[in-house]
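Q: Predicted model follows, preceded by the sequence.
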Amino acid sequence: MTTPSQTIGPFFHLCLTPQTDLGSLKGERIRLVCQILDGDGMPVNDAMIEIWQADAAGEHGGFGRQCTNEDGKCEFQTVKAGHVNVMIFARGLLKQLFTRIYFEGESSNASDPVLALVPEDRRGTLMARPNPEDSNLWNFEIRLCADSETVFFDV
Amino acid sequence: MSQNTYRRPAPTDQPPYLHPPYRSTVRRAPSRPLIFLPHTLSETSGPIFRPDTVGETENDLTRQHSGEPHGERIIVTGRVLDDNGHAVPQALVEIWQTNAAGRYRHAKDQHPAPLDPNFTGAGRTLTDEHGVYRFTTIRPGAYPWKNHHNAWRPAHIHFSLFGPAFCTRLITQMYFPGDPLLPFDPVLQSIPDEKGRQRLVAKFDLANTQPDWALGYQFNIVLRGRESTPFEK
């Protein structure tokens, strides 16, 4: 039996130090801005997002973590990859949520086996979209609890 | 590929996302079913933390300032295992907690209890080759919160753990034996199985109690393990 999870609570900032640059990964460098909204569409300003991008061998990868600000946003410096693995921790989440970020317009999305598991009408919730004024800046919105909520995975 | 996938916890081992007695879950829990994700390298790999990630004294929360913090000095130690019973070495363990008066050193904590200039309340360490970790700290205090009328969180220490894979990541809380607030806490009581709740209550540990210095508590942690293969006992 595994140890049960408990919420991260609102006071983790004093310990869990941010790491926003995924550093040495090879690929096209981008800024990735994530925003979390709750069931009322209000920004979640006390969450922590962790991202992990494994390389093809799974031996090296880039890890980042960051807390959301008053707008529910946080930013990572990373590279554009097939997908980015995401975990969300927050007050009110008794265990983490798992999701993935894909990049809108990538040809590899069409053949991705995980995207294929997602009903077509919900795949859009897993897409980061480029900022119209800055193609290096990608935005990803996470909706926690709504009809239009982001797809979360049983991992 | 079964040797590379991790066993999934039974539904009663873990709390649900939606637990209305803990009010904040209501507007944050997903409302639609999760989609089952077969494990790939993305889930079975994860960040590796080298020994120099942590300073040697970061596991002693009583030695981070010029003076000693107020409160009852304690030693919290235990093993990190996977659910096959194997030790998890070199796991990063991070903890945070209130001071003895029940106050976090955090701008958003408005509980009118005193801050302690000699206590930050954050520590980190790596497990050794046997999966053992050890912290010296002070016993945290209970504090009120706004969840319901006269709501008080029992004293607890937050634990964050990285195991070998992204999918073994665990954040939890350790509680103290005999705390009268435990039955009234909707966070702990969100765990369906009584045995699961008991797993989060540390045991008083006379063997690790240091004479004339500090009380010992033992808190073992079990992370998800790999699914066994026909070649493994």
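A: Everything's here; your move.
Q: From here on, just use CA atoms for contacts and neighbour counts.
A: Will do.
Q: in chain B, which spans are strands?
A: Assigned by DSSP state E, chain B shows strands spanning B:35-36, B:73-82, B:92-96, B:122-126, B:132-138, B:143-145, B:151-153, B:156-162, B:170-175, B:203-204, B:215-218, B:221-223.
Q: Just want the angle from the second one to strand B:132-138.
A: Angle, strand B:73-82 to strand B:132-138, by axes from the mean of the first three to the mean of the last three CA atoms, to 10 degrees: 150 degrees.
Q: Can you name every helix or strand that strand B:73-82 contacts?
A: With contacts defined as 3 or more CA pairs under 8 Å, 6 or more residues apart in numbering or on different chains; DSSP states H and E, strand B:73-82 has these neighbours: strand B:132-138, strand B:215-218, strand B:221-223.
Q: Please work out which residues outside that strand touch it.
A: Residues outside strand B:73-82 that contact it (CA atoms under 8 Å, 6 or more residues apart in numbering or on different chains) are A:2, B:62, B:87-89, B:91, B:127, B:130-139, B:208-209, B:213-225.
Q: which residues touch the residue nearest to the spatial centre of chain A?
A: The centroid of chain A falls nearest to A:Val86 when counting by CA atoms, centre = their mean (3.9 Å). Applying CA under 8 Å, 6+ apart, we find A:Val86 in contact with A:49-52, A:98-101.
Q: can we see that at 6 Å?
A: Neighbouring residues of A:Val86 by CA atoms under 6 Å, 6 or more residues apart in numbering or on different chains: A:50-51, A:98-100.
Q: Just the buried positions in the helix of greatest length in chain B, please.
A: Secondary structure of chain B read by DSSP state H shows that its longest helix is helix B:194-199. By neighbour count on 16 or more other CA atoms under 10 Å in any protein chain shown, the buried set for helix B:194-199 is B:196-199.
Q: cool, and stretch B:202-217?
A: Buried, per 16+ other CA under 10 Å, within stretch B:202-217: B:202-204, B:208-209, B:214-217.
Q: can you tell me the distance between the two ends of it?
A: The first and last residues of stretch B:202-217 sit 6 Å apart, counting by CA to CA, to the nearest Å.
Q: swap in stretch B:65-76?
A: Stretch B:65-76: ends 20 Å apart by CA to CA.
Q: Contacting chain A as well, which ones from the buried residues of helix B:194-199?
A: Near chain A, taking CA under 6 Å from any CA of the partner chain as the test, no member of the buried residues of helix B:194-199 is found.
Q: Any chance of CSV for those residues, columns pLDDT?
A: Output for those, formatted as CSV (pLDDT from 0 to 100):
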residue, pLDDT
B:Gly196, 96
B:Arg197, 98
B:Gln198, 98
B:Arg199, 98
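Q: can you list the contacts of A:Val86 in JSON lines and add secondary structure?
A: Listed next are the contacts of A:Val86 as JSON lines, based on DSSP: H, G, I helix; E, B strand; the rest coil:
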{"residue": "A:Glu50", "secondary structure": "strand"}
{"residue": "A:Ile51", "secondary structure": "strand"}
{"residue": "A:Phe98", "secondary structure": "strand"}
{"residue": "A:Thr99", "secondary structure": "strand"}
{"residue": "A:Arg100", "secondary structure": "strand"}
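Q: Give me the distance from stretch A:55-74 to the chain's centre.
A: 7 Å (CA atoms, centre = their mean, to the nearest Å).
Q: Stretch A:120-140 now?
A: 12 Å.
Q: just for chain A, where's the confidence low?
A: Within chain A, the stretches with pLDDT under 70 are A:56-59.
Q: Tell me which stretches of it form strands.
A: Going by DSSP E, chain A shows strands at A:29-37, A:47-54, A:61-67, A:73-79, A:84-90, A:97-103, A:127-131, A:134-143, A:153-154.
Q: Out of these, which gets nearest to B:Arg23?
A: Nearest of the strands of chain A to B:Arg23, taken as CA to CA: strand A:84-90 at 13.1 Å.
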